[in-house]
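Colleague: Got a sequence here, can you model it:
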Amino acid sequence: MSTANLVPETRDLTGDDAYKTLRRTGRRRLLVDAFKRLRVADGFSHARSLAFLTVLVVVQGTIALVGLASALGNRAFTDAVVAAIKGSAPGPSGDLLTAAATQAEATGGRHQVVAVTLGLAGCLFTATTSLGQFERALNRIYGVETDRPTSQKYGFAFVLALAVGTCLVAAFACVAYGGIHMVSLNGGTVDTAWQLARWPLAIVLAVGGLALLSKWSPRRRQPRWSWLAYGAGVGTVLWVVSTLLLALFFRWSSTFGETYGPLAGIVALCLWALMSSIALLYGASVNAQLEAVRAQASPPQDQEKVAESEPEAEPPADSPVLVSNAR
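Modeller: Have a look, this model is predicted:
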């Protein structure tokens, strides 16, 4: 498996250092070199694996979240979650997740408790596995050739799944609760303020979750948060843009649904997960390349190809030479 050249670990870097390095390098040059780093680290293969696991996490998480809201009898939140899923997931993928949410809501009694339990357990297990894959991807992007030991790797991934999952669920809740009048105070002043603040708050929570992944996933000592914010912001912007482009494509395409038929929702969800995974790993690659520039490392290249291209060292002149007796 390909690994990009090693990014040296740096110490005591401040936000001013990150800004100066970014200005000195130039955003365009940094983004181009970050794409090269992602490519030579086999990042697109990692993105495909991560996308498959993301689909499982999203479906199971949707069922668990809606089922939990239904079990608690919060009809308003259930409706808001379904509406948020429909509005945020592009095209047929939103229809697929809405159908899963409706099925979870329709399940009643003892079966609902089982569905919620299995959904939560499956979501947490799959999220832990996906973050284990994410660690491997980031290690290769930073040039680290070996992952953590198995127990440490997945134990750490479990903790990260809980922390990052909390940030992302909170971000989704900010969007979902936009359709609910949580507070009404003499003309809706608080409601109006919440409608204005919920989107920036959701973006901050999403960027914070991505920065948390970039901070603790690789098997190396990462710099301060200020050095990770730019790449996390790039990854978030790319995710939003790719989601909007997919939504426009699905809206304007008259043949997509006809081509895939009942599988359109699955195909759309897989495409969305793949593009989201590429955006996430590219943001991490931007962070890695920014730190590599600061450490004056060589341009991104494949370590395996560099090793193959290096000539073998010749033995010293005074070293003994073995002569074969074979005739």
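Colleague: Apart from its neighbours in sequence, what residue is nearest the most centrally placed residue in the chain?
Modeller: With the centre of the chain defined as its mean C-alpha position, the nearest residue by C-alpha atoms, centre = their mean is Leu280, 4.2 Å away. Once flanking residues are discounted, Leu280 sits nearest to Gly235: 5.1 Å by C-beta to C-beta, 6 or more residues apart in numbering. C-beta: built from backbone N, CA, C; applies to glycine.
Colleague: ok, the one you found - contacts?
Modeller: Shown in contact with Gly235 (C-beta atoms under 8 Å, 6 or more residues apart in numbering): Leu210, Ala279, Leu280, Leu281, Tyr282, Gly283, Ala284, Val286.
Colleague: which one is the fifth one nearest to, not counting chain neighbours?
Modeller: Think Tyr282. The spatial neighbour of Tyr282 that comes closest, neighbours along the chain excluded (C-beta to C-beta, 6+ apart), is Leu38 at 5.6 Å.
Colleague: just checking, the one you found touches Asn287?
Modeller: No: counting by C-beta atoms under 8 Å, Leu38 sits too far from Asn287 to count as a contact (11.4 Å).
Colleague: more crowded one of those two?
Modeller: Neighbours per residue (other C-beta atoms under 10 Å) separate Leu38 from Asn287, with Asn287 holding more: 30 against 27.
Colleague: Sticking with that one, tell me its helix or strand.
Modeller: Assigned by DSSP states H and E, Asn287 falls within helix 264-294.
Colleague: give me the low-pLDDT residue ranges for the stretch 101-250 of the chain?
Modeller: The model of the stretch 101-250 of the chain has pLDDT under 70 over residues 103-112, 115, 175-192, 194.
Colleague: where along it do the strands fall?
Modeller: Per DSSP state E, counting those that start in this stretch, the stretch 101-250 of the chain carries no strands over any range.
Colleague: what ranges do the helices span in this protein?
Modeller: Remark: helices assigned in the chain by DSSP state H are 15-25, 27-40, 43-71, 75-88, 92-106, 109-141, 150-176, 189-216, 225-252, 256-260, 264-294, 303-309.
Colleague: Among these, which comes closest to Leu6?
Modeller: Ranking the helices of the chain by proximity to Leu6 (C-beta to C-beta) places helix 303-309 first, at 7.4 Å.
Colleague: and the closest one, average pLDDT?
Modeller: For helix 303-309, mean pLDDT is 56.
Colleague: Stretch 34-54 now?
Modeller: Regarding stretch 34-54, the rounded mean pLDDT is 92.
Colleague: that older thread, can I assume the residue nearest to the centre of the chain is in contact with Ser242?
Modeller: No: between Leu280 and Ser242 there is no contact under C-beta under 8 Å: 10.6 Å.
Colleague: if we can go back for a sec, what about the residue nearest to Leu280, distance to Leu118?
Modeller: Gly235 is 31 Å from Leu118, where distance means C-beta to C-beta, to the nearest Å.
Colleague: what do you get for Leu38?
Modeller: With C-beta to C-beta as the criterion, Leu38 and Leu118 are 35 Å apart.
Colleague: swap in Ala83?
Modeller: In terms of C-beta to C-beta, Ala83 sits 25 Å off from Leu118.
Colleague: And Leu246, by the same measure?
Modeller: Applying C-beta to C-beta to Leu246 and Leu118 gives a distance of 29 Å.
Colleague: picking that back up, list the contacts for the residue nearest to the centre of the chain?
Modeller: So Leu280 contacts Leu50, Phe134, Leu210, Leu213, Gly235, Trp239 (C-beta under 8 Å, 6+ apart).
Colleague: Excluding chain neighbours, give the residue nearest to the second one in space.
Modeller: Spatial nearest neighbour of Phe134, excluding adjacent residues (C-beta to C-beta, 6+ apart): Ser217 at 5.6 Å.
Colleague: so that neighbour touches Gly132, yeah?
Modeller: No: at 9.4 Å, Ser217 does not count as touching Gly132 under the criterion of C-beta under 8 Å.
Colleague: that older thread, out of Ala83 and Leu118, which sits in the more crowded spot?
Modeller: More crowded of Ala83 and Leu118, by other C-beta under 10 Å: Ala83, with 17 against 14.
Colleague: Of all the residues in stretch 218-228, which ones are buried?
Modeller: Neighbour-count burial for stretch 218-228, with 16 or more other C-beta atoms under 10 Å as criterion, is recorded at Pro218, Arg219, Arg220, Gln222, Pro223, Trp227, Leu228.
Colleague: just stretch 26-34 next, same as before
Modeller: Leu30, Asp33, Ala34.
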